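Trainee: this is the structure alone, sequence omitted:
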């Protein structure tokens with residue numbers, strides 16, 4: 001199931017840990033992750049239930065490799081992140097590593113840079129939160145476009161209790177999502193939200209029984225994939241970047257994107273299907289990928305794991 005675009009460095013590491021004999025629709029276990037590609041949906045599962053799926057430097061490196069593989073796999077149109085077991089999505093950073101951090105690690109900011117890459121990937125991302133999403137786990141969910149939760153989900157940013165801050169996007173993304181007041185309270189007090197409270201706050205878009213969580217996440221992904229691929233890509237891009245722009249700039253981005261879409265076969269297919277009372281067929285339309293670099297230098301993935 002190796003992507004045809006995978007560079008040599010990533011492929012060599014993956015070949016030592018992943019089972020390449022599995023079929024594309026079978027989960028592939030390697031290191032601390034399970035990766036599955038099925039029906040256009042790539043699912044990355046942090047698979048360390050014995051430590052509540054805590055993140056250390058090795059796990060972050062594996063997450064970066066998995067994200068890179070799914071980013072360049074043309075068969076993948078949406079990406080789901082979740083955690084193994086029934087206790088945790090990701091319970092946060094590995095505290096043993098955290099205790100050894102030095103100032104330079106904060107500037108390297110490995111986790112923050114990885115989550116920036118999650119937020120910037122050209123395909124819609126969904127966090128399926130199945131338990132504890134604390135610290136870096138909540139920040140991973142915040143970097144995704146959509147979050148769905150099981151009734152067992154719990155959310156918190158407890159870093160200030162450890163004498164640090166949530167520095168993988170927590171101070172920024174949470175405030176933009178649920179408002180500065182609620183975000184400040186969560187960060188300064190370490191307050192936990194249960195699934196219903198997270199739904200009320202707008203942190204998640206839906207809450208389902210634990211056994212239905214992945215089906216719900218896949219249902220959301222399938223609904224997205226039934227829409228025009230370029231329309232989805234441009235809408236996602238404008239929403240992401242419009243949040244950091246003034247309203248007039250956001251409106252300008254809308255106009256430019258709509259102008260592009262008016263020129264596409266995707267628009268023609270969508271409007272024709274509506275008039276003919278049939279489902280549109282977007283199978284010949286694809287997400288527009290940026291040019292893949294000829295070679296990718298691996299970043300230093302040491303650094304702040306919070």
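Mentor: Arrived safely. Since the model is a prediction, treat every value here as computed from it, not as a measurement.

Trainee: pretty sure residue 56 contacts residue 92?
Mentor: No: here residue 56 does not reach residue 92: they are 10.7 Å apart, not a contact under CB atoms under 8 Å. For the C-beta atoms, the positions are set from N, CA and C on the backbone; glycine is no exception.

Trainee: more crowded one of the two?
Mentor: Using other CB atoms under 10 Å as the criterion, residue 56 and residue 92 rank with residue 92 on top: 28 against 17.

Trainee: contact partners for the closest residue to that one other than its chain neighbours?
Mentor: Spatial nearest neighbour of residue 92, chain neighbours left out: residue 135 (3.2 Å); criterion: CB to CB, 6 or more residues apart in numbering. Residue 135 is in contact with 91-93, 156-159, 166, 170, 306, counting by CB atoms under 8 Å, 6 or more residues apart in numbering.

Trainee: and the gap between residue 135 and residue 214?
Mentor: Residue 135 sits 23 Å away from residue 214, going by CB to CB, to the nearest Å.

Trainee: go on, residue 145?
Mentor: Distance from residue 145 to residue 214, by CB to CB: 17 Å.

Trainee: what residues does the helix or strand harbouring residue 236 touch?
Mentor: Using DSSP states H and E, residue 236 sits in helix 229-242. Contact with helix 229-242 is made by 77, 119-120, 122-124, 145, 224, 249-250, 253-254, 257, 260-261, 264, 266-267, 270, 282, 285-288, as judged by CB under 8 Å, 6+ apart.

Trainee: pLDDT score for the residue nearest to residue 92?
Mentor: Residue 135 is assigned 94 on the pLDDT scale.

Trainee: can you check the one 3 residues further on too?
Mentor: Confidence at residue 138, expressed as pLDDT, is 97.

Trainee: surely it and residue 159 touch.
Mentor: No: the criterion here is CB under 8 Å, and residue 138 misses it with residue 159 at 10.3 Å.
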